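Peer 1: Next input, structure requested:
(one chain, ligands or ions: 3)
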Amino acid sequence: MAQTLDWSSRADLLGAAAAVAMLASFAMLGLLRVRAHAEPGVRLRRQFSAALALATGLLSSQFILLSGQALPASAAFGIPTLLAAFALAAVAGLAVQPLATQTSPVRRWGVAGASSAALCGASLLALQSLAVEPRVTWHAAPIGVAFVLGTLGIGAVLAPSFVAGAGRQRSTLAALLLGVTLAVVNVELLRAAELAAGAAADPNAANLIGSEALTILALLGGPAVLALLLLAAVIEDRFSGLLANAREEAERAAYTDPLTRLPNRLMFEERLRRAASRADRADQSLALLFINLDGLKGINEHFGQHIGDALLRVVGKRLSAQCTEREVLARAGGDEFLLLIGANPDPEAAAARAGVLLADLARPCRIEERELAISASIGIAMYPEHGALSRLIPHAAAALSAAKHQGGATHCFFDASMLGGKRDEMELLRDLRLASERGELELFYQPKIHAPSGEITGVEALMRWNHAQRGTVSPEVFIPLAERYGLIHAIGNWLIDESCRQIRAWRNQGLRMRVAINLSVHQLRQPDLARRIGAALQRNRLDAQVLTCEITETVATDDSHDAHGVIDELAALGVHLSIDDFGTGYSNLGRLRKLPAEELKIDRGLVLDLATSDDAHAIVDAVVKLAHALGLKVVAEGVETETQQQLLRALGCHELQGYLFAKPMSARALAQWAMKQEGPRALDFRASLFGETRAVELT
Ligand code: C2E
Ligand code: CA
Ligand code: CA
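Peer 2: Ligands and ions are numbered 1, 2, ... in the order given. So this is what the prediction gives:
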């Protein structure tokens, strides 16, 4: 064919072939320009479409050129070979794609060469599909030239700097150059093919397509396919561009706090995750500050929500003004802010930051002509010292609540004891330490009733803790806590002093009241307990007889216990001893006999079951008999019903105590009742309770 070619007369064909090749290049490069965040499926589809565009362009341009050649009459092309050529061109199209991101020059030119070889091969195969006798023969030199030009063109055009992220002008230039390269390669390959002078259509060939049909396909079909591919790419880009913008906007909204324009908690958590994995790799630490305003609620209630919102904006601004690039500040919601310090801080540095932030936040704010004074509290959790990443925010929050409980306007580091129930217990314990100082402890008094006469003979002192926030805390909650954490001594000493002081105060009012106090096991281990009680009595000019010490059965009768020395000392002092909660333990009778006690208190549980359980009845009966045998007085506590009262009287109990008669009450209420007969029931106070001089009767 080379001999018959006269390019000057077929400039139209050359132009058309080049145009189709350029269109293909445009389409290919356009299809390869995929958005960075495109899904893998989309990316793959675009890559295949790009390969298809290149193959279509290459073969279309080749057959357009070929249509200008003088071919034997009724020459046709073998379809299978054509398809193979198309497939090979498509493979070249796929092979060419990594070039756009290949920065190593050796690899780049290697890939360019391979692609060029595949493209040349595809074009040659297309020409080879011409079914003529004898077959087309080939000249090596033009093939070599085509290969080299193809390699150079592809390598140059598909350089990363040229394609990836290039502007419109550059990519247009790239498309033009690639188109020219394809056209030139095709022209060279056409020159390499030689058709024998007498060649004629091969009569044996099957599966053919006529040369006219192929020309029409190349001229119309090829460009149509390319135009469609290009159009699809453009539409998809437009559409996904709009979509991406919308998504970005939505994401921005989802990740920012609308009030302060700071990142929100979601975004913060994302940044925290990333910072933590960086810190893990570098073996560094992070500090998380949970910042909370003290008293925003009050400001909202007092001045209105809009002032509160304005205040939050000011706080957001102040905090972000204090932040460096390596810190992430977010509003977690409400009046809570989160600050992540990423610069490998140690606890001292984190504490120093917290101090600076607190000082800055404490400056008064001017909002709508109002000067607002605020303060904040900060909880700090260090990563990784203070636990796993997922627990970091909760731990900082726990530290924050500890800071709040210290009165706010301060910072606090996380501590494992702040967790869960433990945390509550620790808060309670801390408050308990201050309770007696703050005057939050109080003694309530529950009368004991002389069973035969129904007169009040004395009272039991029961401790109450009037907690500022929690209200009255039960001694069953705080006494065990005090015992466990060594506060019982201090509290017990307060109890001794307070009960003696109260006895004296009543006496001064003319009320001679006997008082029973409860002593805990731990107090009984205090070697100076008896001395302390003696001193308190003396200070208040009281006879030891006015005081009864209630000691639980388990402690009093446990032989292994080192409390006995103290019990004996108490007896020697002259105070009465009462064995509390009797009937719950397994008393050592021998020990019980030797105890210097005068009173047994039947446990509330037994009294509760008395009317309904024969066993309970039998036990109470036995206890009363035992007490009588040992010469002890019997007191039943927890009497709530008339039935219980009657049964206990019938069984021979000396004294009764319970809600049926009176609940524990304040010292004032008790005095009022005794002196003015204003009380829960019309009960008489035993005459001996009045007046200083008369001795106290026991039964
Ligand atoms: P306890 O020594 O057995 O005290 C009797 C408890 O039963 C008191 O509870 C009292 O309020 C309650 N009670 C009295 N009558 C009735 C009744 O009719 N029905 C019912 N359901 N309950 C009744 P409280 O004051 O809550 O004290 C609980 C426990 O705390 C006391 O049990 C005692 O073991 C301990 N406790 C209280 N004050 C002190 C104290 O000053 N020092 C020590 N070490 N322990 C104390
Ligand atoms: Ca008691
Ligand atoms: Ca009891």
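Peer 1: Neighbours of Gln284, how many?
Peer 2: 16 (other CB atoms under 10 Å). For every residue, glycine as well, the C-beta is placed using N, CA and C.
Peer 1: Near ligand 2, which residues of this protein? Just list them.
Peer 2: Within reach of ligand 2 by CB under 5 Å from the ion, the chain has these residues: Asn518, Glu550, Asp580.
Peer 1: does the second one sit in a helix or strand, and which one?
Peer 2: If you go by DSSP states H and E, Glu550 is part of strand 547-552.
Peer 1: pLDDT on that strand, on average?
Peer 2: In this model, strand 547-552 carries a mean pLDDT of 94.
Peer 1: Could you name the helices and strands sitting against that strand?
Peer 2: Applying 3 or more CB pairs under 8 Å, 6 or more residues apart in numbering; DSSP states H and E, we find strand 547-552 packed against helix 488-509, strand 515-518, helix 529-539, strand 576-582.
Peer 1: now what about that strand, what contacts it?
Peer 2: The set of residues external to strand 547-552 that reach it, using CB atoms under 8 Å, 6 or more residues apart in numbering, is 458, 460, 499-500, 503, 514-519, 521, 524, 533, 537, 563, 567, 570, 575-581, 585, 597, 599, 601.
Peer 1: re the thing from before, in JSON lines: the residues of the chain next to ligand 2, plus distance to Gln97.
Peer 2: As requested, these are exported to JSON lines (distance: CB to CB, whole Å):
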{"residue": "Asn518", "distance to Gln97": "87"}
{"residue": "Glu550", "distance to Gln97": "91"}
{"residue": "Asp580", "distance to Gln97": "89"}
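Peer 1: ok, the residues you listed vs Ser613, which is closest?
Peer 2: Here the nearest of these to Ser613, counting by CB to CB, is Asp580; it sits at 21.4 Å.
Peer 1: Quick check: that closest one touching Ile602?
Peer 2: No - with contact defined as CB atoms under 8 Å, Asp580 does not count as touching Ile602 (9.8 Å).
Peer 1: which one of the two has more residues nearby?
Peer 2: Neighbours per residue, other CB under 10 Å: of Asp580 and Ile602, the larger number sits with Ile602, 31 against 25.
Peer 1: tell me, how many neighbours does the closest residue to ligand 1 within the stretch 101-250 of the chain end up with?
Peer 2: Proximity of the stretch 101-250 of the chain to ligand 1 (CB to the nearest ligand atom) peaks at Ala250, 58.1 Å away. Ala250 is flanked by 10 other residues according to other CB under 10 Å.
Peer 1: which one is Phe63 nearest to, not counting chain neighbours?
Peer 2: The shortest distance from Phe63 to any non-neighbouring residue, by CB to CB, 6 or more residues apart in numbering, is to Ala218 (3.6 Å).
Peer 1: Look up how far Arg135 lies from the one you found.
Peer 2: 22 Å (CB to CB, to the nearest Å).
Peer 1: and what of Asp609?
Peer 2: Taking CB to CB as the measure, Asp609 falls 115 Å from Arg135.
Peer 1: For those two, indicate the residue with more neighbours.
Peer 2: Asp609 (16 against 13).
Peer 1: Give me the secondary structure label for the closest residue to that one other than its chain neighbours.
Peer 2: In space, and not counting its chain neighbours, Asp609 is closest to Ala616: 3.6 Å by CB to CB, 6+ apart. Put simply, Ala616 is helix when judged by DSSP: H, G, I helix; E, B strand; the rest coil.
Peer 1: So what's the residue count around Ala616?
Peer 2: Applying other CB under 10 Å, we find 19 residues neighbouring Ala616.
Peer 1: I'd guessed it sits against Leu606; true?
Peer 2: Yes - contact criterion CB under 8 Å: Ala616 and Leu606 qualify, at 5.2 Å.
Peer 1: if we can go back for a sec, which of the helices and strands packed on strand 547-552 is buried the deepest?
Peer 2: strand 576-582 (a mean of 25; mean count of other CB atoms under 10 Å).
Peer 1: Return the list of strands paired to that strand, each annotated with direction.
Peer 2: Using DSSP bridges, strand 576-582 pairs in its sheet with strand 547-552 (parallel), strand 599-602 (parallel).
Peer 1: Distance from the longest one to the middle of the chain?
Peer 2: In other words, strand 547-552. Distance of strand 547-552 from the chain centroid (CA atoms, centre = their mean, to the nearest Å) equals 51 Å.
Peer 1: What score does the single nearest residue of the stretch 151-300 of the chain relative to ligand 2 have for pLDDT?
Peer 2: The nearest approach of the stretch 151-300 of the chain to ligand 2 comes at Asp294, 41.8 Å away (CB to the ion). Listed pLDDT for Asp294 reads 85.
Peer 1: what's the answer for Ser240, then?
Peer 2: Model confidence at Ser240 (pLDDT) stands at 81.
Peer 1: for whichever strand or helix holds it, packing partners?
Peer 2: Assigned by DSSP H and E, Ser240 falls within helix 222-255. If you count contacts as 3+ CB pairs under 8 Å, 6+ apart, helix 222-255 packs onto helix 11-32, helix 40-66, helix 265-282.
Peer 1: right, and the helix or strand after the longest one?
Peer 2: Per DSSP H and E, helix 40-66 leads on to strand 76-78 as the next helix or strand towards the C-terminus.
Peer 1: Now that following strand: buried residues?
Peer 2: Ala76, Phe77, Gly78 (16 or more other CB atoms under 10 Å).
Peer 1: longest single strand anywhere in the chain?
Peer 2: As assigned by DSSP state E, the longest strand anywhere in the chain is strand 455-467.
Peer 1: Paired strands for that strand, with orientation please.
Peer 2: Partner strands for strand 455-467, per DSSP bridges, with pairing direction: strand 441-450 (antiparallel), strand 471-473 (antiparallel), strand 515-518 (parallel), strand 684-685 (parallel).
Peer 1: and the protein, which residues reach ligand 1?
Peer 2: Of all the residues in the chain, those in contact range of ligand 1 (CB under 6 Å from any ligand atom) are 446, 462-463, 474-476, 479, 495, 518-520, 550, 580-581, 604, 637-640, 657-659, 664.
Peer 1: List buried residues within the residues you listed.
Peer 2: Buried among the residues of the chain next to ligand 1 by 16+ other CB under 10 Å: 446, 462-463, 475, 479, 495, 518-520, 550, 580-581, 604, 637-639, 657-658, 664.
Peer 1: Mean neighbour count, the strands paired with strand 576-582: which tops it?
Peer 2: Comparing the strands paired with strand 576-582 by mean neighbour count (mean count of other CB under 10 Å), strand 599-602 ranks first with a mean of 27.
Peer 1: What lies in contact with that one?
Peer 2: Contacts to strand 599-602, defined as CB under 8 Å, 6+ apart, come from residues 548, 550, 576-583, 620, 623-624, 626-627, 632-637, 653, 657.
Peer 1: Show me what the helix or strand just after it is packed up against.
Peer 2: Downstream of strand 599-602, the next assigned helix or strand under DSSP H and E is helix 604-609. Applying 3+ CB pairs under 8 Å, 6+ apart, we find helix 604-609 packed against helix 614-630.
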